[in-house]
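Undergrad: What would the 3D arrangement of this be:
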Amino acid sequence: MYDDFISTSDLFITEEGLQAGSKIAKKDSILLLTRGSGLFNRIPVCYVVSDVAYNQDVKNIVLKQEDVTSIKFLYYWLYGNKELLSSMLETTGIGAGKIDTKRFLNLSISLPSQKEQARYIHLMDLLFDKIELNRRINANLEAQAQALFRSWFVDFEPFRDGPFVDSELGKIPNDFQIIKTGEIPMIITDFVANGSFASLKDNVTILQEKDYAYFIRNVDLKDKKFETYVNKHAYEFLSKSALFGNEIIISNVGDVGSVFLCPKLDAEFNLQMQQNSD
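TA: The predicted model follows:
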């Protein structure tokens, strides 16, 4: 029985554990999460340190022996080349959105000596330890923000000395009102995609150098780094997801429920497909 389950969305802890028919990824292996992440997403790469279950949209890599390279070095190399992995996604047929295994096996890798690999692994381990520490700090800050929200708008602690009235949500301060979100004047767009994978491949090329418009993804909003672009043709092709700044962005797939306030940038910009903008 295994408690950890990995899908294309995230790592989930399930009460049922391993499901019938699931495959097993043994520890000291690499998982490449592909389908469902979106054609232009960076492909998530996970280093597995315990036995987990995963679905058919995940590729598992286990080295038969480590006389050429170690699993840890290969992991860090793949982690640093997620954009290259994205270029290997199949775009048609039942495999659309998944890494083409034949193309992956023909990938050329320049390997340093085992000694240099070990030195690189040590440096990357130090960096990843720092990243994990920062993640925990951010998680703690987010928990504090949620606690503050609950204190103000659920428990009404700042208003506890004032008069309260009954409402459909229970007792609320008398100067509060209950409204439906649909009563707020706003526009909600929900464009799951701007076209088929084939048409996206034909019309949209993601650029790393500045061009006509920014191309914004979940990871960019999280990191507050906007370094990917599209040309004017691609921007117009993706016109359904054009942004202007100050929209509320809610992730629709993958990291479901993540909420961002879209910044104003110094050029036109598109939102990556498979997200909502309000």
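Undergrad: what about the stretch 51-200 of the chain, any weak spots by pLDDT?
TA: The model of the stretch 51-200 of the chain has pLDDT under 70 over residues 90-97, 190-197.
Undergrad: Now do the helices for it: every range, in order, please.
TA: 71-79, 82-86, 101-105, 114-153, 197-203 (DSSP state H, counting those that start in this stretch).
Undergrad: after the last one, next one along is what?
TA: Using DSSP states H and E, the next helix or strand after helix 197-203 towards the C-terminus is strand 213-216.
Undergrad: separation between residue 238 and residue 269?
TA: Counting by Cβ to Cβ, to the nearest Å, the gap from residue 238 to residue 269 is 10 Å. Yep, even glycine has a C-beta here, placed from its N, CA and C like the rest.
Undergrad: ah, wrong one, I meant residue 161
TA: From residue 161 to residue 269 the distance is 46 Å (Cβ to Cβ).
Undergrad: Among the two, which residue is more densely surrounded?
TA: Set side by side, residue 161 and residue 269 show more neighbours around residue 269, with 25 against 6, by other Cβ atoms under 10 Å.
Undergrad: surely residue 250 meets residue 262?
TA: No: counting by Cβ atoms under 8 Å, residue 262 is not a contact partner of residue 250; they are 10.9 Å apart.
Undergrad: Strands of the stretch 151-278 of the chain, residue ranges please.
TA: Assigned by DSSP state E, counting those that start in this stretch, the strands in the stretch 151-278 of the chain fall at 164-165, 172-173, 213-216, 229-230, 242-243, 248-251, 259-261, 268-271, 275-277.
Undergrad: Out of those strands, the one nearest residue 30 is which?
TA: strand 248-251 (25.0 Å; Cβ to Cβ).
Undergrad: what comes up buried for that closest one?
TA: Residues 249-251 are the ones in strand 248-251 that count as buried (16 or more other Cβ atoms under 10 Å).
Undergrad: Pick out whichever of these sits closest to residue 184.
TA: Of these, the one sitting nearest to residue 184 (Cβ to Cβ) turns out to be residue 250, at 14.5 Å.
Undergrad: For the spatially most distant residue from the centre of the chain, which non-adjacent residue is closest in space?
TA: In the chain, residue 163 marks the outermost C-alpha relative to the chain mean, sitting 44.2 Å out by Cα atoms, centre = their mean. Of all residues not flanking residue 163 in the chain, residue 174 sits nearest, at 4.6 Å (Cβ to Cβ, 6 or more residues apart in numbering).
Undergrad: Ramachandran coordinates for the one you found?
TA: Residue 174 adopts backbone torsions of phi -70, psi -20, taken as degrees, to the nearest 10.
Undergrad: give me every residue that touches it.
TA: 162-165 (Cβ atoms under 8 Å, 6 or more residues apart in numbering).
Undergrad: One more: residue 157?
TA: So residue 157 contacts residue 151 (Cβ under 8 Å, 6+ apart).
Undergrad: measure residue 187 to residue 214 for me?
TA: When residue 187 is compared with residue 214 (using Cβ to Cβ), they lie 21 Å apart.
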